[in-house]
Each structure stands twice: as structure tokens, then as C-alpha cells.
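> fold the following and give me the result.
(one chain, ligands or ions: 1)
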Amino acid sequence: MSYVNEILERLAAQNPGQPEFLQAVTEVLESLQVVIEKNEDAYRKNAFLERLVTPERIIMFRVPWVDDKGQVQVNNGYRVQFNSAIGPYKGGLRFHPSVNQGILKFLGFEQTFKNSLTGLPIGGGKGGADFDPKGKSDREVMAFCQSFMTELYKYIGENEDVPAGDIGVGGREIGYLYGQYKRLTGQYEGVLTGKGLSFGGSLARTQATGYGLLYLTDELLRCNGKELKGKTVAVSGAGNVATYAIEKAWQLGAKPVTCSDSTGWIYDPDGIDVATLIDVKQVKRARLTEYAKARPNSVYHEGKGVWTTRCDVALPCATQNELLLDDAKALVANGCFAVCEGANMPTSLDATKYLQSQGVLFCPGKASNAGGVATSALEMTQNSQRLSWTFEEVDAKLKDIMVNIFHNVDNAAREYGMEGNYVAGANIAGFLKVADAMNAQGIV
Ligand code: GLU
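Purely as a prediction, here's the structure:
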């Protein structure tokens, strides 16, 4: 049995009940087969893959807090410090009821490769809690964040581990977390990214994941003899990634026609209005039914179905496994020719393979959504320099980074005889840098 298959079998036996983690590792190791088999004995002797797929450390803790009725609530908090070969652990915090160790291991594993692809010195980590900020008062969110940080602060630091936002963790939560970190440690340091502009945040960080997704998509289409201009784009999600993907799609001459949340989705024949979306989701923190009320031409559909829209380009920006095989078939049947992931692992493995087999240009999230964490690394740089760059400076750097990521991924795929397979290209390019650093640092 090949070393890769041995590891996949062993991992499945060791991690029952963690399907997302197994899915993420399977996708990566299948791509790495061509690299590993060139030097299989050496990798096996060094237990290289065992070390690659095992987090350096997982911290799990109790998060007690008091709700507005005076009732004590308890959530599970985590930080998965996956791989620090190329820099301090870096990755977001997710507050969502679905959060568990398996989900955070998948996200931390993905983050390691994504961060490597940015070309910046950041290792991989992820954390969060099974806390649902939805429907909570600001005071409840603050109480939760303060309790969460009261445990987490022991394990993080600007040179050690630098968390940021993810699903359920935006500017409000980062502010409360930062305030508590500073209160506990007395340190005013770049320990979190995605901070407010008045306390060390970077301009363009809020927009970065969505903007970066579109910069990469634009380059991918251009290099395949197509263009984004004039194309119809289906977007899922209505959070930070989706909102700024929609904004940048408009700016690049495309027409984004959909968005979605956990209860339903919107089709807007006039194109999604960014100001309305921001008002509904960020200001009112309401459901998309409010968008439909404000935009009478748009249609609200209850439940799933965003991928049944006719589109040229699809950008899944909601969450993991939101684009399944049937969705992929519907997209292809409707003429979609490119799918670029804005979320982490939104496309299931069989859907990815189907899209690739149909000649759809497919870019995995670890490449196409890397703009967020890349700009977090730029925030870290500004914090270290005690300087703030202009929006234009950060945005220009982000664009360069995304274009470079695409070409590194494209070149790696070609070099290993898999031209156009950006999944393989991203996994191989991300891996090579991490592997080089791990090998150089010995058995640690
Ligand atoms: N949560 C984002 C991601 O999945 C950003 C992480 C960060 O900025 O550290 O990459």
C-alpha cells in the first residue's frame, strides 16, 4: 500500500466522527501522491505525513458566561495550533453552533497550506467555540468574548499565535477579545488581526477575502482566454466574504445576482445591491427576507437552491460542503464555466471531481480565499512597524499576492503534469514550502 493510503487509512481509524477533517486531508494527500512517491522511503522513515496531519497542539477549555436572564451558560472553546513550521500560528476564530474539534482540525489543516501559499511567514491555526452570536445582545457577546479570552490569552501572542475572525467573529467580537487580552496582559500588541482602525487594524482587511477572491478569479479567467467583464456571477453567503466579493465583482464589470444565508437565498435580476445587503446583514443583523422587502424586483427563496441559478461563474462564500454533487450538475447544466471558492472547502470532493471532469475551471479556497489571511499578515507587519498604510497600498499588495498565488498554483500543476488542475497545484505548492521548513528544522 502506498504511504499516502496508509496514512489515510490510519487517520480514518484514529478520527472517527471527524468527516470534514478526513475530507480535507484526503483532498490534500491525494494531490501529494505524485510528490511523495518520488521519495517515499525518506518521507516514511521520517514519519513526515504523520507529523503533517497531526496538530502540534490542541487547547480545549470551558467558557462560562452569564446571559441577560442571569442564567449561566457554558460553551466549549478551542484553539488548534496546527503547524508553526513557517511562522507563528495564524488563523481565525469561528463562533458557530457546529464548531467541534473535527471542524477546527479541518480548518487548521487547510489554513497551514493556505498561509504557505500567501508567501508570507505565517503558520496554520484555527479556533473558536460552539457559541452562536446570532440573537444575542451586545452585552452577552461581550461577556462571552471576555470569558473566552480569559482562557485563550495564555496561549497566544504576536510572535506565537495570532487569531482573527471567521464565521460569527467580526469587528465587534475582535474588539471585545482585544480589550480583554490587553486588560489581562497589559500588552498593546498585534495579537489579533481584523482589529478596528482606531486600535491597530489595517485598511482593506474587511474587504480583503472577497476582493482577493475576485482578483484571483479575474486572473484565472484571463489566463484561460476568458474575462470576468459582462459575466453573471452566482454568490452564496451574505457575510463578510460574500459581501465584498459582490462589491468587487461589480467593480470588475460582472453582475452578481445571488446571495444566501442559513435560511434562504436571494435572486436579484438587477444584481445584488451592496448597500442594501450591508444594511440588512451588518447593521440590522437581520434575515435576507429584509433584503427582498427593500428590493421589490428581487425574489427570496426559502431553503437551499442558490446553485440552480443560471450563471457563468459561481463563488461559494458561505461554509463547508455547501456545494454538493447535484449542485455541481445543476451549475454545469446551466452553463457555469468557473467555480472559485470564497469559503473554506465549500465544495464536496465528488462535486469538485465532477466539475473538473466537465472542464469547469475550479480554484480551491486555500488559494482563492487566501486574501483575508494575507491581509492579516499585512496587518501584523504594520503593527510591528507601528505604521498604517493607505487603503490603496494594502489593496495593491493584496492584488499582487492573489495574482502570484494563482501563478504559483498554475505552475505547480504544470510542473507535476496536471495542467489546469488547480486543486493539485495549490496543494503541492502549499506543501513544498511547509515541507522544506519542516525538514530543515529536524524532528520537532
Ligand atoms: N478566517 C480567515 C481564513 O479562513 C482569516 C484568518 C486570518 O485572517 O487569520 O483564512
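> could I get the host helix or strand of Leu22 in CSV with only the CA atoms?
For Leu22, the element it lies in under DSSP states H and E is helix 19-36. This file holds the C-alpha atoms of helix 19-36, laid out as CSV (Å, rounded to 0.1, in the frame of the first residue of the first chain):
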residue,chain,number,x,y,z
PRO,A,19,-15.6,13.6,8.4
GLU,A,20,-14.6,17.2,7.5
PHE,A,21,-11.1,16.7,8.7
LEU,A,22,-10.8,13.4,6.8
GLN,A,23,-12.2,15.1,3.7
ALA,A,24,-9.7,17.9,3.9
VAL,A,25,-6.7,15.6,4.4
THR,A,26,-7.9,13.2,1.7
GLU,A,27,-8.0,16.0,-0.9
VAL,A,28,-4.6,17.2,0.0
LEU,A,29,-2.8,13.8,0.3
GLU,A,30,-4.4,12.5,-3.0
SER,A,31,-2.8,15.6,-4.7
LEU,A,32,0.5,15.0,-2.9
GLN,A,33,0.8,11.3,-4.1
VAL,A,34,3.0,12.4,-7.1
VAL,A,35,5.4,14.3,-4.8
ILE,A,36,5.6,11.7,-2.0
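> list the buried residues in that helix.
For helix 19-36, a neighbour-count test (16 or more other CB atoms under 10 Å) marks 20-25, 27-33, 35-36 as buried. Quick note: C-beta positions are derived from backbone N, CA and C, even for glycine.
> closest one to the ligand out of those, please.
Ala24 (12.5 Å; CB to the nearest ligand atom).
> can you tell me the SS state at the nearest residue to the closest one once chain neighbours are set aside?
Nearest residue to Ala24, sequence neighbours excluded (CB to CB, 6 or more residues apart in numbering): Phe106, at 4.2 Å. Under the three-state scheme (DSSP: H, G, I helix; E, B strand; the rest coil), Phe106 adopts helix.
> you'd agree Phe106 is up against Glu20?
Yes. Phe106 lies in contact with Glu20 (CB atoms under 8 Å); the separation is 4.1 Å.
> who touches both of those two?
Residues touching both Phe106 and Glu20 (CB atoms under 8 Å, 6 or more residues apart in numbering): Gln320, Met345.
> and stretch 176-193, how far from the chain's centre?
Put simply, stretch 176-193 sits 23 Å off its chain's centre (CA atoms, centre = their mean, to the nearest Å).
> follow-up on the earlier one: do the helix holding Leu22 and the ligand come into contact?
No. Counting by CB under 6 Å from any ligand atom, the ligand is not contacted by helix 19-36; separation bottoms out at 12.5 Å.
> flag every buried residue along the helix or strand that that helix is followed by.
Using DSSP H and E, the helix or strand that follows helix 19-36 in sequence is helix 40-45. The neighbour-count check on helix 40-45 (16+ other CB under 10 Å) flags Tyr43, Arg44 as buried.
> show residues contacting helix 40-45.
Against helix 40-45 from outside (CB under 8 Å, 6+ apart): Ser2, Tyr3, Ile36, Phe48, Leu49.
> quick one: buried ones out of those residues?
Judged by 16+ other CB under 10 Å, buried ones among the contacts of helix 40-45: Tyr3, Ile36, Phe48, Leu49.
> in helices, which of those residues fall?
Under the assignment DSSP state H, those contribute Tyr3, Ile36, Phe48, Leu49 to helices.
> wait, the last one sits on Asn5?
The one in question is Leu49. No. Counting by CB under 8 Å, Leu49 stays clear of Asn5, with 10.6 Å between them.
> rewinding a little: of the buried ones among the contacts of helix 40-45, which is the nearest to the ligand?
Of the buried ones among the contacts of helix 40-45, the one sitting nearest to the ligand (CB to the nearest ligand atom) turns out to be Leu49, at 23.3 Å.
> using the three-state scheme, assign the residue nearest to that closest one when sequence neighbours are not counted.
Leaving aside its sequence neighbours, Leu49 sits nearest to Ile7 (CB to CB, 6+ apart; 4.5 Å). Classification of Ile7 using three-state DSSP returns helix.
> residue contacts, Ile7?
With CB under 8 Å, 6+ apart, Ile7 has these contacts: Leu29, Leu49, Glu50, Val53.
> need the pLDDT of it.
You'll see Ile7 listed with a pLDDT of 98.
> then the strand ranked longest in the chain to CSV, C-alphas only?
Taking DSSP state E as the assignment, the strand of the chain that covers the most residues is strand 72-83. What follows is strand 72-83, C-alpha atoms only, in CSV (Å, rounded to 0.1, in the frame of the first residue of the first chain):
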residue,chain,number,x,y,z
VAL,A,72,-25.1,30.7,33.5
GLN,A,73,-24.2,29.3,30.1
VAL,A,74,-21.3,27.1,29.2
ASN,A,75,-19.7,26.6,25.8
ASN,A,76,-16.7,24.7,24.6
GLY,A,77,-13.7,26.8,23.5
TYR,A,78,-10.8,25.6,21.3
ARG,A,79,-7.6,26.6,19.7
VAL,A,80,-5.9,24.2,17.3
GLN,A,81,-2.3,25.1,16.8
PHE,A,82,-1.7,23.0,13.7
ASN,A,83,1.7,23.9,12.2
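> so how far is the helix or strand following it from its chain's centroid?
Later in the chain than strand 72-83, the nearest helix or strand by DSSP H and E is strand 89-95. Chain-centre distance of strand 89-95: 9 Å, with CA atoms, centre = their mean.
> and the buried ones among the contacts of helix 40-45 as JSON lines, adding pLDDT?
Listed next are the buried ones among the contacts of helix 40-45 as JSON lines, based on pLDDT from 0 to 100:
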{"residue": "Tyr3", "pLDDT": "98"}
{"residue": "Ile36", "pLDDT": "98"}
{"residue": "Phe48", "pLDDT": "97"}
{"residue": "Leu49", "pLDDT": "98"}
